[in-house]
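In: sequence isn't available, so here's the structure alone:
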Ligand SMILES: [Zn+2]
């Protein structure tokens, strides 16, 4: 197969930047290139050093644009694309009024397939090449999602939600059917193309203790799989949850009692944690997934991102849109709102830190940094090409920009899908036109 040489400015993180001047934390090549073959990055560096001598290659020149690893979104809901922008007072009202009725429609294969097409179009349009997704309770929704992902060649993580109470009848499984269907989905899709399956109990409110035992059984049988659920998003939700599990010490303890904490467990939101809960997440290596646009939209609270990372026992953190509680598919918009939340908490989230989070940081949170989230040789060739002058307003502001970090900050502050010139999935240009 012919190799492809992609030329442009390259930015890829080696580790989390400690401060704005931490130049060793990232690779930045002003005239750089990636050599790509069979979906993998073969070489990265300056154009002169990477360009093969006498070998035939297809060359694509993206100068002066910036090439970064594909964005990673660690928490989204596939069946909520038509829930975005629904007017509700809070999480529980939003779920009952809009979200649950919408998710009921995913029992129909044709609907699930139609929305799956839109899902991949929208995420790739915004530069996101990996998402960790909740499907609906219906096996049909997971099948539609993974089939479309296989067709696009994307690295996706997803699961059918398990939920057997406190929702409309059309959205309920049973402990046994939730277990059986999750197993079937694992057998059908885990490791097929680039798909990975996550064990996905929606949250403790919608799972009986009997279902939680089945989730635990799955976690034991498939210890390599990710587990995703929600934790401590909203005060009312916390009170209701704890009333359903009176024997548990707190919300986190409910999941701990079923053996669900660990390095592959992703807890959506985790805003209102006690010190004890944060200690437990830290000790088990569990990940708190911050969803800033959603937290602001639903009025859920201000996630203490910097404070929780600065603890003596730091908590691993990932970033996500939480579509459709979240209000934008764009990880750039997500960084912007994350920044503003830290501002309200009197903290600084610098742009290098932000871009690390949505690329390598999120890959590390998923324990997948050896495959995605960087431009390192041997990793999968998912990357985005960004134009920091994509709109007249951006071009005008760029005239005043001198440093890389200023350019990055500009793109996260006023950029969106128009900033994304191209999205490469396994080395193939895949932004929908
Ligand atoms: Zn969510």
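Out: Right, received. Where do you want to start? Values in this document were obtained by computation on a predicted structure and should not be read as measured data. Numbers count the residues shown, from 1 in each chain.
In: any weak-confidence spans in the protein?
Out: 1 (pLDDT under 70).
In: residue numbers of it in contact with the ion?
Out: Proximity of the chain to the ion (CB under 5 Å from the ion) is limited to residues 268, 322. (Each C-beta comes from the backbone N, C-alpha and C, glycine too.)
In: next secondary structure after the longest helix seen in the chain?
Out: Using DSSP state H, we find that the single longest helix of the chain is helix 109-125. Remark: after helix 109-125, the chain's next helix or strand is strand 128-134, criterion DSSP states H and E.
In: report the angle between the next helix or strand after that next one and strand 128-134.
Out: Downstream of strand 128-134, the next assigned helix or strand under DSSP H and E is helix 139-152. Here helix 139-152 points in a direction 170 degrees away from that of strand 128-134 (axes from the mean of the first three to the mean of the last three CA atoms, to 10 degrees).
In: which elements pack onto the helix or strand just after helix 139-152?
Out: The helix or strand immediately downstream of helix 139-152 is strand 157-159, counting by DSSP H and E. If contacts are counted by 3 or more CB pairs under 8 Å, 6 or more residues apart in numbering; DSSP states H and E, strand 157-159 sits against strand 128-134, helix 139-152, strand 196-201.
In: follow-up on the earlier one: list the contacts of the longest helix of the chain.
Out: 73, 78-79, 81-82, 105-106, 129, 131, 133, 136, 138, 140-141, 143-145, 147-149, 152, 154, 329, 417, 420, 423, 425, 430-432 (CB atoms under 8 Å, 6 or more residues apart in numbering).
In: enumerate every residue touching the residue of the chain most remote from its centre.
Out: Going by CA atoms, centre = their mean, the residue of the chain most distant from its centre is residue 54, 40.3 Å out. By CB under 8 Å, 6+ apart, the contact set of residue 54 is empty.
In: what do you get for the one 10 residues further on?
Out: Taking CB under 8 Å, 6+ apart as the definition of contact, the neighbours of residue 64 are 8, 9.
In: that one sits in which helix or strand?
Out: strand 57-69.
In: okay, now the sheet partners of that strand, with direction.
Out: Each strand paired with strand 57-69, and its direction, by DSSP bridges: strand 3-13 (parallel), strand 383-386 (antiparallel).
In: on that earlier part again, of the contacts of helix 109-125, grab the buried ones for ChimeraX.
Out: ChimeraX command restricting the contacts of helix 109-125 to the buried ones, with burial defined by 16 or more other CB atoms under 10 Å:
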select :73,78,79,81,105,106,129,131,133,136,138,140,141,143,144,145,147,148,149,152,154,329,417,420,423,425,430,431
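In: what's the local residue count around the residue nearest to residue 397 when sequence neighbours are not counted?
Out: Spatial nearest neighbour of residue 397, chain neighbours left out: residue 410 (5.5 Å); criterion: CB to CB, 6 or more residues apart in numbering. Neighbour count of residue 410, defined by other CB atoms under 10 Å: 20.
In: again with residue 296
Out: Count around residue 296 with other CB under 10 Å applied: 18.
In: what sits against it?
Out: So residue 296 contacts 327, 337, 340, 341 (CB under 8 Å, 6+ apart).
In: tell me which of those residues is nearest to the ion?
Out: Closest approach between the contacts of residue 296 and the ion, by CB to the ion: residue 327, at 13.1 Å.
In: contact partners for that closest one?
Out: Contacts of residue 327 by CB under 8 Å, 6+ apart are 84, 85, 293, 294, 296, 297, 333.
In: just the buried ones from those?
Out: 84, 293, 294, 296, 297, 333.
In: for residue 375, helix, strand, or coil?
Out: At residue 375 the chain is in coil, as set by DSSP: H, G, I helix; E, B strand; the rest coil.
In: surely it is in contact with residue 10?
Out: Yes. Residue 375 lies in contact with residue 10 (CB atoms under 8 Å); the separation is 6.0 Å.
In: gap between the nearest residue to residue 128 once chain neighbours are set aside and the ion?
Out: When the adjacent residues along the chain are set aside, residue 128 lies closest to residue 71, with 4.5 Å between them (CB to CB, 6+ apart). Residue 71 sits 18 Å away from the ion, taking CB to the ion, to the nearest Å as the criterion.
In: ok, now how distant is residue 71 from residue 279?
Out: Using CB to CB, to the nearest Å, residue 71 is found at 31 Å from residue 279.
In: among the contacts of residue 327, which one sits closest to residue 387?
Out: Set against residue 387, the nearest of the contacts of residue 327 by CB to CB is residue 333 (16.1 Å).
In: residue contacts, that closest one?
Out: Shown in contact with residue 333 (CB under 8 Å, 6+ apart): 293, 327, 412, 416.
In: burial measure for the last one, as a count.
Out: Neighbour count for residue 416, taken as other CB under 10 Å: 20.
In: distance of it from the ion?
Out: 22 Å.
In: so what's that residue up against?
Out: 126, 328, 330, 332, 333.
In: from the residues you listed, which land in strands?
Out: Among the contacts of residue 416, DSSP state E puts none in strands.
In: now rank the residues you listed by neighbours and give me the top one.
Out: Busiest of the contacts of residue 416 [other CB under 10 Å] is residue 330, holding 27 neighbours.
In: so is the residue of the stretch 301-433 of the chain found nearest the ion in a helix, a strand, or just coil?
Out: Closest to the ion within the stretch 301-433 of the chain is residue 322: 4.8 Å, counting by CB to the ion. The assignment at residue 322 comes out as coil when based on three-state DSSP.
In: I'd assumed residue 206 was in contact with residue 166.
Out: Yes. Using CB under 8 Å, residue 166 is in contact with residue 206, at 5.1 Å.
In: who has more neighbours, the two?
Out: Counted by other CB under 10 Å, residue 166 and residue 206 do not tie: residue 206 has more neighbours, with 24 against 20.
In: how about the more buried one, what does it touch?
Out: With CB under 8 Å, 6+ apart, residue 206 has these contacts: 161, 163, 164, 165, 166, 167.
In: for residue 73, name its beta-bridge partners.
Out: In beta-bridge terms (that is, DSSP bridges), residue 73 pairs with residue 131.
In: also residue 420?
Out: For residue 420, the beta-bridge partners are residue 386 (DSSP bridges).
In: same deal with residue 316?
Out: With DSSP bridges as the rule, residue 316 is bridged to residue 287.
In: for residue 6, same thing?
Out: According to DSSP bridges, beta-bridge pairing links residue 6 with residue 34, residue 60.
In: ok, the one 4 residues further on next?
Out: Note on residue 10: beta-bridge partners residue 29, residue 67, judged by DSSP bridges.
In: got a list of what the nearest residue to residue 37 once chain neighbours are set aside touches?
Out: If the residues on either side of it in the chain are set aside, residue 37 comes closest to residue 3, at 4.5 Å by CB to CB, 6+ apart. By CB under 8 Å, 6+ apart, residue 3 lies in contact with 35, 36, 37, 42, 52, 55, 57, 58.
In: no more questions from me, cheers.
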